[in-house]
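Visitor: Predicted model and sequence below, questions to follow.
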Amino acid sequence: MSARDIAARVRAGETTAVSELENSLAAIAARNGELNVFLHVDDEGAYRAARRVDERISEGLDPGVLTGVPVALKDNLCQRGVPTTCSSRILEGWRPPYSATVVERLVGAGAVPVGKTNLDEFAMGSSTETSAFGPTRNPLDPSRVPGGSSGGSAAAVAAGMTPISLGSDTGGSIRQPAALCGLVGVKPTYGLVSRYGLIAFASSLDQIGPFAANVADAALVLEVIAGHDPMDSTSLPEASPRLLEHLDDGVAGRTVGLVRELLEGADPEIVAAVRRAADTLAGAGANVIEISIPELHLGLSAYYLIAPAEASSNLARYDGVRYGLRVEGEDVTATNELTRSAGFGDEVKRRIMLGTYALSAGYYDAYYGQALKVRTRMIEAFARAYGQCDLLLGATTPTVAFEIGAKAQDPMAMYLSDVFTIPTNLAGEAAISVPFGVGESGLPIGVQLLGPGRSEARLFAAAAVLEAS
Amino acid sequence: MSLPDGWEMVVGLEVHTELLTKTKMFCGCANNFGAEPNTNVCPVCLGLPGSLPVLNERAVELAMAIGAALHCTIAPSTFHRKNYFYPDMPKDFQISQYDLPINAAGYIDLPDGSRVSIERAHLEEDTGKSTHLGGSGRLHGADRSLVDYNRSGVPLVEIVSGPDIRSSAQARAYASELRGILIATNASDGRMEEGSMRIDANVSVRRSGDAFGTRCEIKNLNSLRSLGRAIDYEAARQVDLLEDGGTVRQETRHWDETRGETSTMRIKEEAEDYRYFREPDLVDLAPSDEWQARVRASLAPMPAERRREMTALLGSPSDAQLDAVTVVVDLGLDPWVRAAALAGVDAGLALNRAANELAGLESLDPSRVEGFVATLAMEQRGELSATQTKTVLAEVLASGADPRDVAAARGFEQLAASALGDIVATLIAEHPEEWGRYRDGDDKLAQFFIGLVMKATRGQANGKAVIAELQARR
């Protein structure tokens, strides 16, 4: 059942938030042992929230557009009093004393947070295998990964545990798992959704967004969580965009650029799916043209300097002094080193070292400084493309969901699974992954629609066209 | 203290001042000194995972006021992260300004007429405060360390001078002048003892005319006295080294106030690589022209201008009076002198009383200025002696009483009127020999009689009135 249906039925008194929560908890109980989706299920808090929603309904009040809808939260989103780990040993046992703005807004709209989902440690990965608490399995084929880093949040929706969930997307961490799990996943324009309470990986790239089984639910969740937040200086000044009312706008008269570089290296079945999507949009009245944006080739290398550089600074605070893991050494420097050595996994350490190096005196200009220039070129290249097109179209991922362990020992192969999603983060723009057919293995394929900043309404309308075909 | 002939010291100062904002730089926590440890804290200033900074508008305003008062260019600026591990810094980076500071290229004119350039005055956040217990008493080697994060995230402005200072006296004058400016802008309370103004000194020496030598940075000088002593010590140390054929090593040095020495903290090779990069959680800071104009328009007069005004009131002041003007303006007492002068009190008398009777007070209620003026007017009219004035003034300032009531209660006025003649006549009769010499023209003996009168009246007589009585009987 869709989130909108659940909210409508709870609001109408046909079911209760508690009963919907029980369905959700039952689905979690049935498969969480097998799939490792949730790191923490907050039954108690969820029941409290659900009962509060039901009380308000019985008092004749309207809790909001997500009334009684269970929601899963990626475990890098702070929720007051609920363990928040980023799938890292270094934060094990930490309970934030405050909630992220997005959590407040979901609860304010009547949603019921049920628990925290697994992710690649500190969101660094594309398969959820770098989690310190074991990999999450793809509900559609448990021998395969769900993608990452928001693999747990994608799997929660794909397994029917919750109708919607939140993830974060730094280089594709929502869109790639959405594609691999057959879901709609949105990377909103940078600044559209407040990052307050999202534990930072790479601050200039991170953005929170929804997973849903359909386009309309994703639009609904984004409407709830978007809009200016005074607690985030990079938050856009405007109120949340109207998305649902434009969902049926279609694509007639829109120019859609099919981007050559967003197909290069993709499996033939993926390329074929994207071409079918182009035909579908053309059939709905869009003017589809093939374009090339050569600068997109530079994205991956720029990303793997900028994101680790910011991460090396963002993750410095996990030093064993104030919270989380502490491994005592003979003095504070030793405590810092022992704590970080024991608390961080290999991928996190790799990126901290990369980033530290990229910012170091004597190397800054050649690495980090150069990456910033590439980022500027990327923004300019997208701007040129959007001078010509209303939307861009390409693959979300080069392959369908891959086997657990297939790329875990080969960082470069893993990094390449984000090659089509990273440019949008570097440019601070918007993109959405929509399921569009299945491959030979029967696993879902996602196609990606990209738009300039603040183009979400247009993107959702196009996504709705693909969904309807 | 001066260096051996042919040597010159070159000093630049970095002054950190805490801004007098109600709240911290990036969150809503109270910015006040002396609260219970770790009570003015929140997720933001504790750097908890997921928290984000939001810039305090008032901190920007005060930074601009400082820039304007230092004749700086106020420019669009950015924030950077300065990355290093230290337990009193909860994010293990400090948000500061780097290549684009809010204020650049200004100067300060000192009372002696010299000018010291200001390279920059930028915004940054303060760290928490560590206390190390047992063992070495320092971070490394203490048994335990405690951290108070109340200070974490308090807004600071760091003011960096050019290498223009050539003596410890000039360094002290600069620091003192800067302190006056910071107080006049309402940016700081200037309390060095509470750490709201902290000074680092960059010191090098050279043979006159040579290029700059290698400098050492002396950290955390917390009084003007320490500043002067540390600079003199350090310059002399460097001259000794060089004269013995050695070289100065670039390093950071610690000043030990008790031993009166500087010692090595860390050498340049050990210096941290701070890996500065733009703070991605903050947006660029570009104060509008209109905002800048509003800040400039609301600036109170700075010490240099106030000194000029005091000097003008005095007419042609003596060197001693000029020194007193500097002291009075430094202490913010010039409005008292101005008020007295406007009420017809002699400016020199008002300056003298302000420098001697007001300067030493721990606290001064601004509403007492009326009583101050009235007391001085009584002194000028001869109704109070100098000693009486001091007594009356102390009581007026403490209690806010009317000086006429105070003088009456102590019986000061009656003495000034008729009793003085009787006392003088009696004393003349008791000392015929001295009186004779005075009558014969030995004016020095006036002081002898004044002394006797003062003794007889326990200091309550007016010296000028005594002389008048003596001359009337000559």
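Guide: Great, that's in hand.
Visitor: What segments of chain A are strands?
Guide: Taking DSSP state E as the criterion, chain A carries its strands at A:38-41, A:70-74, A:112-117, A:164-168, A:184-187, A:208-212, A:255-259, A:287-291, A:391-395, A:430-438, A:444-451.
Visitor: looking at the ones you listed, which is buried most?
Guide: Neighbour counts (mean count of other CB atoms under 10 Å in any protein chain shown) averaged over each of those peak at strand A:184-187, with a mean of 33. C-beta coordinates here come from the backbone N, C-alpha and C atoms, glycine included.
Visitor: Just the CA atoms of that one, as PDB, please.
Guide: Extracted as PDB, the C-alpha positions of strand A:184-187 are listed here (Å, rounded to 0.1, in the frame of the first residue of the first chain):
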ATOM      1  CA  VAL A 184      12.100   5.800  -6.900                       C
ATOM      2  CA  GLY A 185      15.000   7.700  -5.300                       C
ATOM      3  CA  VAL A 186      15.600  11.500  -5.200                       C
ATOM      4  CA  LYS A 187      18.700  13.600  -4.900                       C
END
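Visitor: quick revisit: out of the strands of chain A, which comes closest to B:R249?
Guide: Evaluated over those, closeness to B:R249 peaks at strand A:164-168, with 48.3 Å, by CB to CB.
Visitor: Parallel or antiparallel, list what pairs with that closest one.
Guide: Taking DSSP bridges as the criterion, strand A:164-168 forms sheet pairs with strand A:70-74 (parallel), strand A:208-212 (antiparallel).
Visitor: just checking, A:A100 touches A:C78?
Guide: Yes - with contact defined as CB atoms under 8 Å, A:A100 and A:C78 form a contacting pair (4.8 Å).
Visitor: shared neighbours of these two, which are they?
Guide: Residues touching both A:A100 and A:C78 by CB atoms under 8 Å, 6 or more residues apart in numbering or on different chains: A:G197, A:L198, B:G50.
Visitor: Off-centre distance for stretch A:106-123?
Guide: 11 Å (CA atoms, centre = their mean, to the nearest Å).
Visitor: End to end on that stretch, go ahead and measure it.
Guide: Across stretch A:106-123, the terminal residues are separated by 22 Å (CA to CA, to the nearest Å).
Visitor: Would you list the phi and psi of the residue in the stretch 351-474 of chain B positioned nearest to chain A?
Guide: When distances are taken as CB to the nearest CB, the stretch 351-474 of chain B reaches nearest to chain A at B:P366, 37.4 Å away. Backbone torsions for B:P366, taken as degrees, to the nearest 10, come to phi -60, psi -20.
Visitor: any idea which element the closest residue in space to it that isn't next to it in sequence lies in?
Guide: Among residues not flanking B:P366 along the chain, B:P335 sits closest, at 8.0 Å (CB to CB, 6 or more residues apart in numbering or on different chains). Taking DSSP states H and E as the criterion, B:P335 maps to helix B:334-342.
Visitor: Could I get the average pLDDT for that helix?
Guide: Computed over helix B:334-342, the mean pLDDT rounds to 87.
Visitor: what packs against it?
Guide: Applying 3 or more CB pairs under 8 Å, 6 or more residues apart in numbering or on different chains; DSSP states H and E, one finds that helix B:334-342 makes contact with helix B:303-314, helix B:319-330, helix B:347-353, helix B:369-380.
Visitor: Output those helices as JSON lines; include the columns distance to chain A, mean neighbour count and mean pLDDT.
Guide: Shown next, in JSON lines, are the helices and strands packed on helix B:334-342 (distance: least, CB to the nearest CB, whole Å; neighbours: other CB atoms under 10 Å in any protein chain shown; pLDDT from 0 to 100):
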{"stretch": "helix B:303-314", "distance to chain A": "36", "mean neighbour count": "18", "mean pLDDT": "88"}
{"stretch": "helix B:319-330", "distance to chain A": "39", "mean neighbour count": "18", "mean pLDDT": "85"}
{"stretch": "helix B:347-353", "distance to chain A": "50", "mean neighbour count": "21", "mean pLDDT": "84"}
{"stretch": "helix B:369-380", "distance to chain A": "43", "mean neighbour count": "21", "mean pLDDT": "83"}
